[in-house]
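Visitor: Fold the following for me, if possible:
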Amino acid sequence: MNRDLVFGCASLALAVGYFLLAAQIPESQLADTVGPQGLPRIYAYVLGGLSLVLVAQSLRASRPEPSAERPRPSAENPEPGVESPTLSARSQALRAFGVVVIGAAYIAVVPWLGYIVSLTALIAATTYYQGGGANRRVAVVSVTGALLFWLLFVAILGIQHPAGFWPDLF
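Guide: Next comes the predicted model:
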């Protein structure tokens with residue numbers, strides 16, 4: 001059994017437990033249309049969905065391909081099917097720190113640039129930082145992702161967002 005399958009099953013169990021706990025949150029007379037259970041349930045659905053995707057991918061990856069040849073050992077990859085680690089613990093920590101810096105920059109600029117523009121920049125910067133490059137596809141994914149998050153949190157759930165200086169221009 002591989003690590004992704006174990007982690008996916010554990011995450012799925014966590015999502016079910018989180019959903020059951022969220023369902024026990026009492027309704028309030030002052031609740032809005034989403035209610036106090038709304039956002040925790042959405043988190044549980046998202047975690048459950050991502051867990052199922054991870055489980056499905058790990059099961060699909062664990063099936064042997066009938067016509068594929070096994071890779072031969074080489075100096076770069078001494079054991080077939082096992083990649084040598086390329087990042088040291090220090091470089092991994094620095095990469096994680098870089099992601100935190102991108103998140104902090106997002107928090108710093110969101111009051112002035114607004115939610116959609118800042119989130120677009122956050123998605124693009126994170127994608128670029130993780131090696132995704134800067135091209136038209138990244139731009140489309142960034143803008144689409146920001147609009148979908150805006151639609152979910154602002155339009156559907158009614159959660160207020162920082163508009164930035166844009167409304168003053170029009």
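
Visitor: CA only for contacts and neighbour counts going forward, please
Guide: Will do.

Visitor: Leaving aside the residues adjacent along the chain, what's closest to residue 109?
Guide: With sequence-adjacent residues excluded and distances taken as CA to CA, 6 or more residues apart in numbering, residue 109 is closest to residue 118, at 6.7 Å.

Visitor: Tell me the gap between whichever strand or helix holds that neighbour and the middle of its chain.
Guide: Assigned by DSSP states H and E, residue 118 belongs to helix 115-129. In terms of CA atoms, centre = their mean, to the nearest Å, the centre of helix 115-129 is found 13 Å from the chain centre.

Visitor: name the helices or strands packed onto it?
Guide: For helix 115-129, the packing partners by 3 or more CA pairs under 8 Å, 6 or more residues apart in numbering; DSSP states H and E come out as helix 89-113, helix 136-150.

Visitor: do you know which of those lies nearest residue 16?
Guide: helix 136-150 (23.5 Å; CA to CA).

Visitor: buried stuff in that closest one?
Guide: Within helix 136-150, the residues that qualify as buried are 138-139, 142-143, 145-147, 149-150, counting by 16 or more other CA atoms under 10 Å.

Visitor: now swap in stretch 37-48 and tell me
Guide: When burial is assessed from 16+ other CA under 10 Å, stretch 37-48 yields the following buried residues: 37, 40-41, 44-45, 47-48.

Visitor: Same question for stretch 14-31.
Guide: When burial is assessed from 16+ other CA under 10 Å, stretch 14-31 yields the following buried residues: 14-16, 18-19, 22.

Visitor: Make a markdown table from the residues you listed and add distance to residue 133 and secondary structure to it.
Guide: As requested, these are exported to a markdown table (distance: CA to CA, whole Å; DSSP: H, G, I helix; E, B strand; the rest coil):
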| residue | distance to residue 133 | secondary structure |
| --- | --- | --- |
| 14 | 34 | helix |
| 15 | 33 | helix |
| 16 | 37 | helix |
| 18 | 36 | helix |
| 19 | 37 | helix |
| 22 | 39 | helix |
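
Visitor: Give me the lowest-pLDDT entry from these.
Guide: Across the set of those, residue 22 stands lowest in pLDDT, at 83.

Visitor: From residue 104, how far off is the residue nearest to the spatial centre of the chain?
Guide: Geometric centre of the chain, nearest residue: residue 50, 9.2 Å, by CA atoms, centre = their mean. According to CA to CA, to the nearest Å, residue 50 stands 25 Å off from residue 104.
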